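Student: Quick one: sequence plus predicted model below, questions after.
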Amino acid sequence: MHKSFQNIDEKINILNGFNIRIKRGDRIGIIGKNGSGKSTFLKLILKELEADRGSVKVQKTIEFSYFDQNRSDLRPNDRLKDVMAPNGGDYIDVRGKTRHIYGYLKDFMFDPSVVLDKVGTLSGGQKNRLKLAKILADPKSCLILDEPTNDLDMETLDMLEEILINYEGTLLLVSHDRDFLDQTVTKVLAFEGDGKIEECIGGYSDYLNQNRSPSKNKDKKEQNFNQVKKVETKKNSFETKKLTYKLEYELKNLPKKIEEKETEIKTLTEKLSNGDFYNSDPDRFIEMTKELKLAKDQLEEYEERWLELEELSQ
């Protein structure tokens with residue numbers, strides 16, 4: 001996958017041929033300097049942005065809960081109670097249990113006296129706590145948290161850490177908090193800048209140890225990488241045996257079909273975008289429009305089938 005942005009005087013690379021398979025139950029920490037592309041990466045996964053080249057394949061059954069560091073979906077004139085229960089009522093479902101809104105918000109350090117106040121009166125840290133309370137009441141199968149630890153007090157951090165440790169879905173977590181990441185994730189994606197992303201098994205501390213002395217750790221890094229690849233290869237070999245030979249062959253060849261279909265769609269789209277095409281050959285233009293629709297339908301079928309077989313192989 002490739003993604004970049006063009007500034008006035010320079011091109012900023014965010015992703016440069018990056019490829020990753022995120023499995024159900026993965027717990028991934030995302031680190032890097034501001035502007036390195038962490039939030040862009042999340043928005044690509046959420047389909048809020050499109051890649052320049054390549055694509056994001058998401059299984060249709062996956063649902064996202066997203067904590068936006070800008071808290072853009074909190075409306076200033078809504079009351080805290082309205083945020084938690086937009087359809088009214090005093091009770092909400094909290095991870096399978098019925099809780100009174102006042103009692104639940106008290107867990108997030110909100111005094112009952114402010115529950116009827118408007119969001120616009122809250123501080124940045126309070127808005128963070130309210131947003132987290134909303135998302136963590138009913139987290140979906142994939143939980144994406146972009147800088148949730150900003151402006152949080154230690155008590156709230158401890159509570160958030162405990163909730164995430166017990167969360168059984170897929171977690172993508174952007175944070176600069178080393179201890180917090182060490183407790184909650186099992187893999188780190190480090191955005192190093194200029195489209196370079198480094199993967200490390202473990203938490204933030206493992207990443208720092210791996211990169212503290214590149215010359216001394218080169219052999220160790222290669223050894224760890226090879227060990228991880230051996231484990232993954234062995235695991236994948238075992239998993240693919242859950243498929244018949246025919247289905248295994250189909251799964252192996254689907255990525256190539258998807259790539260070819262994406263290339264076909266790009267070529268057809270470029271030809272149809274030529275303003276003179278319709279005037280010079282309207283019949284061929286209409287025919288090619290139908291070809292483009294057919295190609296898009298076929299691509300969707302290939303992607304759905306790939307996701308279906310991937311799920312079966314796990």
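Tutor: In hand now; what should we look at? Residues are numbered from 1 along each chain as shown.

Student: buried residues in stretch 157-177?
Tutor: 159-161, 163-164, 167, 169-175, 177 (16 or more other CB atoms under 10 Å). Every C-beta, even on glycine, is put in place using the N, C-alpha and C of the backbone.

Student: go on, stretch 60-67?
Tutor: 64-67.

Student: ok, back up a step: can you put the buried residues of stretch 157-177 in CSV and add distance to residue 130, secondary structure and pLDDT?
Tutor: Below are those laid out as CSV (distance: CB to CB, whole Å; DSSP: H, G, I helix; E, B strand; the rest coil; pLDDT from 0 to 100):
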residue, distance to residue 130, secondary structure, pLDDT
159, 14, helix, 89
160, 13, helix, 91
161, 18, helix, 92
163, 15, helix, 91
164, 18, helix, 93
167, 19, coil, 92
169, 22, coil, 92
170, 24, strand, 94
171, 21, strand, 96
172, 21, strand, 96
173, 19, strand, 96
174, 19, strand, 94
175, 19, coil, 92
177, 20, coil, 90
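
Student: Just name the closest of those to residue 71, please.
Tutor: For the buried residues of stretch 157-177, the closest approach to residue 71 (CB to CB) belongs to residue 174, at 14.3 Å.

Student: can you give me the helices for the stretch 201-314 of the chain?
Tutor: 204-211, 214-240, 245-272, 277-280, 282-313 (DSSP state H, counting those that start in this stretch).

Student: Is it possible to get TSV of those helices that adds mean neighbour count?
Tutor: Formatted as TSV, the helices of the stretch 201-314 of the chain follow (neighbours: other CB atoms under 10 Å):
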stretch	mean neighbour count
helix 204-211	17
helix 214-240	11
helix 245-272	14
helix 277-280	12
helix 282-313	14
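
Student: count of neighbours near the closest residue to residue 76 other than its chain neighbours?
Tutor: If the residues on either side of it in the chain are set aside, residue 76 comes closest to residue 120, at 3.3 Å by CB to CB, 6 or more residues apart in numbering. Around residue 120 there are 11 other residues, counting by other CB atoms under 10 Å.

Student: repeat for residue 102
Tutor: 17.

Student: what's the helix or strand harbouring it in contact with?
Tutor: Take DSSP states H and E as the rule and residue 102 turns out to sit in helix 101-107. By CB atoms under 8 Å, 6 or more residues apart in numbering, the residues outside helix 101-107 that reach it are 80-81, 84-85, 90-92, 94, 112, 115, 130, 133, 137, 159.

Student: thinking in terms of the whole chain, how far from its middle is it?
Tutor: Distance of helix 101-107 from its chain centroid, counting by CA atoms, centre = their mean, to the nearest Å, is 29 Å.

Student: Let me know the average pLDDT across that helix.
Tutor: Averaging the model's pLDDT scores along helix 101-107 yields 93.

Student: Flag every buried residue along that helix.
Tutor: Within helix 101-107, the residues scored as buried using 16+ other CB under 10 Å are 101-102, 104-105.

Student: ok, now stretch 192-208?
Tutor: By neighbour count with 16+ other CB under 10 Å, stretch 192-208 contains the buried residues 195, 197, 200, 202-204, 206-207.

Student: and stretch 161-173, how far apart are its ends?
Tutor: 12 Å (CA to CA, to the nearest Å).

Student: and it, how far out from the chain's middle?
Tutor: Counting by CA atoms, centre = their mean, stretch 161-173 comes out at 14 Å from the chain centroid.

Student: got a list of what the residue lying closest to residue 305 once chain neighbours are set aside touches?
Tutor: Of all residues not flanking residue 305 in the chain, residue 254 sits nearest, at 6.4 Å (CB to CB, 6+ apart). By CB under 8 Å, 6+ apart, residue 254 lies in contact with 302, 305-306, 309.

Student: Let me have those residues in JSON lines, extended by pLDDT and distance to residue 32.
Tutor: Below are those laid out as JSON lines (pLDDT from 0 to 100; distance: CB to CB, whole Å):
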{"residue": "302", "pLDDT": "86", "distance to residue 32": "33"}
{"residue": "305", "pLDDT": "84", "distance to residue 32": "34"}
{"residue": "306", "pLDDT": "83", "distance to residue 32": "29"}
{"residue": "309", "pLDDT": "81", "distance to residue 32": "33"}
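
Student: State the mean pLDDT of the helix or strand hosting residue 128.
Tutor: For residue 128, the host element (DSSP H and E) is helix 124-137. Averaged over helix 124-137, pLDDT sits at 92.
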